[in-house]
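**Student:** Have a look; sequence and predicted model below, questions after that.
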Amino acid sequence: MLHKSHYKIVIVGGGAGGISAAARLLKASNLHGEIAIVDPADKHYYQPLWTLVGAGEVKKEVTQREQSSVIPEGAVWLQDAVAAFFPEENQVVTKSGQTIRYDYLVVAPGLQIDWDKVKGLKENIGKNGVCSNYAYEYADSTWENIHNFKGGTAIFTAPNTPIKCGGAPQKIMYLAEHYFRKAGVRDKSDVVFASGGTIIFGVKKYARTLSKIVEQRNIQTQFRRNLVEIDGNSRQAIFENLETKEKIAMHYDMIHVVPPMSSPDFIKASPLADEAGWVDVDKYTLQHKRYKNVFGIGDASNLPTSKTGAAIRKQAPVLAANLLATMQEKPLTARYNGYTSCPLVTGYGRLVLAEFDYDNNPAETFPFDQSKERFSMYVLKKNMLPVLYWNGMLKGHM
């Protein structure tokens, strides 16, 4: 298909949000050849499984597919990166210098991982006991560290920034602690959760369960501790106490780092951003607050909910319905209530399925108490949700 300079709809980002939105728009309209997806990536990843890659439960290769294989039929893939937005002129400019005009714009670039915001992290990641599940190339190093751990101090960090799936920093910690017990090294190990946050989890129903788990398994929690530096040679992690601004050095034998994250730089610098740098959309309709032909979906939006694929699954039908209503000059009646989900893996074969809305009220799917650890929910995460993602959500079926 020949690339044009003007499309009815341009979608910036080919991750979960962009692909889901494109699939839904194509299913609900006659827009074949009129939707362009701008994304430079060769590969598409199902990132929620990286926790289980880090725990040795899943091979990382199953989380990766060719980007070309997930582009919906009827959409045009422009393999380029957006450099600048000109919403007054209905244009985006790409890094290659191409100007693309649109009638409607969907902004779905995802989060930017700021590895360089922690001094020494880039130099030590994958060695010197430093690992992270937040990149495909590093997830294996987490399993190597857990599998080879012979005792000592294992630190699991969480930054004081928004991140992909707020519960993920804890999941790998619970799995590691469980593995240490199975390997017979737990009695000579200290497991520390050092978080830039203030609490274990934002929804009380699930926080109660997690607090009990932390207490029963003798996991040390240190809140308002933000990782600022890694010294790999001496195996020292430097944290800032966010209350006192004091720097605290902690020895580690292994450390799983969740790096700081933010809105992508090209979003921060754009007219589409709010003061904090996020795409400024109405939290119910997903329409941009200033540019009515612009919509946002997913992690780069300023929606006040956890940044998860499950949230995007509920946002995509709202975005598609409201964008099509805008095209037809009809009222925007579809509403997103802030639903998100965090499948909290609490050990091998154990999971607490947290589901909640904007008000942090549980919004549960199943007819039982989801705050309890269950094997069935672990199977759901490991075996069923990936299938639903590839074959359902990305194809606009759910």
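**Tutor:** Here it is on my side, so go on. Numbers count the residues shown, from 1 in each chain.

**Student:** Next, the buried residues of the helix or strand containing V10.
**Tutor:** Applying DSSP states H and E as the criterion places V10 in strand 6-12. Using 16 or more other C-beta atoms under 10 Å as the test for burial, strand 6-12 gives 7, 9-12. Glycine gets a C-beta too; all of them are placed from N, C-alpha and C.

**Student:** cool, stretch 243-263 as well?
**Tutor:** 250, 252-263.

**Student:** Which helix runs longest in this structure?
**Tutor:** Secondary structure of the chain per DSSP state H: the longest helix is helix 309-327.

**Student:** Can you read off the pLDDT for M398?
**Tutor:** Looking at M398, its pLDDT stands at 81.

**Student:** so how many other residues sit close to it?
**Tutor:** Using other C-beta atoms under 10 Å, M398 has 14 neighbouring residues.

**Student:** With G151 instead?
**Tutor:** 15.

**Student:** what about the residue nearest to it when sequence neighbours are not counted, distance to K150?
**Tutor:** Sequence neighbours aside, K188 is the residue nearest to G151 in space, at 3.6 Å (criterion: C-beta to C-beta, 6 or more residues apart in numbering). The gap separating K188 from K150 is 8 Å, by C-beta to C-beta, to the nearest Å.

**Student:** Could you do M254 as well?
**Tutor:** In terms of C-beta to C-beta, M254 sits 10 Å off from K150.

**Student:** Check P386 too.
**Tutor:** Taken as C-beta to C-beta, the span from P386 to K150 is 33 Å.

**Student:** try K307
**Tutor:** Taking C-beta to C-beta, one finds K307 at 35 Å from K150.

**Student:** Comparing these two, which residue is more hemmed in?
**Tutor:** Between K307 and K150, K307 has the larger neighbour count (other C-beta under 10 Å), namely 20 against 11.

**Student:** Pull up the gap between the more buried one and P169, please.
**Tutor:** K307 is 13 Å from P169, by C-beta to C-beta.

**Student:** who touches both of the two?
**Tutor:** I163 (C-beta atoms under 8 Å, 6 or more residues apart in numbering).

**Student:** hang on, the earlier thing: just give the strands next to the helix or strand immediately after the longest helix of the chain in the chain in its sheet, each with its orientation.
**Tutor:** Counting by DSSP H and E, the element after helix 309-327 in chain order, helix or strand, is strand 340-347. With DSSP bridges as the test, strand 340-347 is paired with strand 350-356 (antiparallel).

**Student:** which residues touch the partner strand?
**Tutor:** 167, 174, 178, 201, 203, 206, 209-210, 310, 339-346, 362-366, 370-375, 377-378, 380-381.

**Student:** now it against helix 309-327, angle please.
**Tutor:** Interaxial angle, strand 350-356 versus helix 309-327 (axes from the mean of the first three to the mean of the last three C-alpha atoms, to 10 degrees): 30 degrees.

**Student:** Show the average pLDDT along strand 350-356.
**Tutor:** Rounded mean pLDDT across strand 350-356 is 98.

**Student:** Can you give me the buried ones in the helix or strand just after that strand?
**Tutor:** Counting by DSSP H and E, the element after strand 350-356 in chain order, helix or strand, is helix 375-379. By 16+ other C-beta under 10 Å, the buried positions in helix 375-379 come out as 377-378.

**Student:** Next: stretch 78-87.
**Tutor:** Those would be 78-82, 85, 87, for stretch 78-87 by 16+ other C-beta under 10 Å.

**Student:** Of all pairs in the residues you listed, which one is the farthest apart?
**Tutor:** For these, the maximum inter-member distance is 23.1 Å, found between Q79 and P87 (C-beta to C-beta).

**Student:** where does this structure dip in pLDDT?
**Tutor:** Within the chain, the segments meeting pLDDT under 70 span 1-2.

**Student:** switch the cut-off to 90
**Tutor:** 1-3, 30, 398 (pLDDT under 90).

**Student:** Could I get the full set of strands for the stretch 51-200 of the chain?
**Tutor:** Per DSSP state E, counting those that start in this stretch, the stretch 51-200 of the chain carries strands over the ranges 64-66, 75-78, 82-86, 91-94, 99-107, 112-113, 130-131, 152-158, 189-195.

**Student:** Alright, calling it a day.
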